[in-house]
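Enquirer: quick one, fold the following:
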Amino acid sequence: MTKSSLMPKARSSVMTIDPYVGGDVTPKGMVRRIVLASNESPLGPSPLVLEFFRNFNLNLSSYPNGGASRLREAIASVHQRSMDHLICGNGSEDIIHLICRAYAGEGDEILMPQYGFLVYSIAAKTNGASPVFFPQPHLYSEVDRLLEHVTAKTKIVCLDNPGNPLGCMLTRNDLLTLHQNLPPHVLLVLDEAYAEYVEHTDYESGLTLFKDAKNVITLRTFSKAYGLAGMRIGWAHGAPEVLDALHRIRQPFNVNSIGQHSATIAVHDQGWIKKAFEHNLAHRSWTKEKLEELGFRVNPSQGNFLLFDCETPERAKDIYHYLGTRGVMIRPVSGYNLHHHMRVSIGRDFEMAEFIDLMKAFVAEKK
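Expert: Residues are numbered from 1 along each chain as shown. Take a look at the predicted model:
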């Protein structure tokens, strides 16, 4: 027996995971000057949060509140929900992993969109469950296609609504149809990371649509519209009986003191969220129009980003390189098997103007 054969070995399902690659990567030869790759808020956090940091006086030698009680109380007040229906985490990804650990394992299936958030598959494999993908041939979710893939092994359905990177959404009636046709033992996880940006009148959050459901967990985050991505704070709403399992396995202090305090301040400043929504709506519409004028097919989006078709993988790479060497970073989505698409986040006024100017220059040079 060789020495190498005696080394510790990770579980086989873990070794099938491709590590998550965020939008913070700067490839060699490129310049990170304007970053439109991570769906971050161009407005940043509420001025009230910045004021807190200017007069910072938290006691950092003490542990944070284990249950994030003040933060949950603030969220409950703003969204008119009960505290015992809420749980907070180190980003919504933390809660996704908790859900998969608590409700799925070896031999189970977790159903997710073909082009959904990559963390769903990672969380499934981490816990030995099998990720199953329902197809999105038209680059949006269809309830019938999803339901066709529900089997006796399905324990969880993860659904980003709006979706990332597609930007698509399911309507209120879509969600009702989905929930009514799911077996009651299947847990429906609605990931609403971009809910604050939705302007479509047929959209309704799981927070209101399924506020009393026993098999729905609705996820939210402070990383997007709230501008607190660096804090890593997420939260979820669900039945207390369902969340009980998550509380049992979460880290005792999974949201740090600074994050709890900042998010508590931020959630009360809904006027700032309205500004973030209005900025995004205006610049998302303008950017989509300009890209279409340049001949690109752009997916309809309810998020703070746009997915656009570059026609070929080679052209997508050329655009990425052309922009990156000139200081503008956007997001390749080949990790989602969308090899001829790119995703651009909505940034500040001058950032979007420069992005479009560079895209015009690229198209003109390649004619």
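Enquirer: tell me where the stretch 1-150 of the chain has strands.
Expert: Here the stretch 1-150 of the chain has its strands, by DSSP state E, counting those that start in this stretch, at 34-36, 86-89, 109-113, 130-134.
Enquirer: and the ones you listed as JSON lines, adding mean pLDDT and mean neighbour count?
Expert: No exception for glycine: its C-beta is placed from N, CA and C like everyone else's. Putting the strands of the stretch 1-150 of the chain into JSON lines (pLDDT from 0 to 100; neighbours: other C-beta atoms under 10 Å) gives the following:
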{"stretch": "strand 34-36", "mean pLDDT": "95", "mean neighbour count": "22"}
{"stretch": "strand 86-89", "mean pLDDT": "98", "mean neighbour count": "25"}
{"stretch": "strand 109-113", "mean pLDDT": "98", "mean neighbour count": "25"}
{"stretch": "strand 130-134", "mean pLDDT": "97", "mean neighbour count": "18"}
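Enquirer: so for residue 240, which of those sits nearest?
Expert: Nearest to residue 240 among these is strand 86-89 (9.4 Å), distances taken as C-beta to C-beta.
Enquirer: for residue 200, find the nearest of the strands of the stretch 1-150 of the chain.
Expert: Among the strands of the stretch 1-150 of the chain, the nearest to residue 200 by C-beta to C-beta is strand 109-113 (18.0 Å).
Enquirer: give me the angle between that closest one and strand 130-134.
Expert: With axes from the mean of the first three to the mean of the last three C-alpha atoms, to 10 degrees applied, the angle from strand 109-113 to strand 130-134 works out at 30 degrees.
Enquirer: ok now strand 109-113, how far from the chain's centre?
Expert: Its chain's C-alpha centre and that of strand 109-113 lie 16 Å apart, by C-alpha atoms, centre = their mean, to the nearest Å.
Enquirer: who does it pair up with?
Expert: strand 130-134 (parallel), strand 154-160 (parallel) (DSSP bridges).
Enquirer: contacts for it?
Expert: Residues outside strand 109-113 that contact it (C-beta atoms under 8 Å, 6 or more residues apart in numbering) are 100, 104, 120-121, 123-124, 129-134, 136, 141, 146, 149-151, 153-160, 163, 166.
Enquirer: and the gap between the spatially most central residue of the chain and residue 234?
Expert: Closest to where the C-alpha atoms of the chain average out (C-alpha atoms, centre = their mean) is residue 193, at 4.8 Å. As judged by C-beta to C-beta, to the nearest Å, residue 193 and residue 234 stand 8 Å apart.
Enquirer: which residues do those two both contact?
Expert: 92, 219, 220, 221, 223.
Enquirer: list the contacts of the second one.
Expert: In this case it means residue 219. By C-beta under 8 Å, 6+ apart, residue 219 lies in contact with 92, 95, 96, 189, 190, 191, 192, 193, 234, 235, 236.
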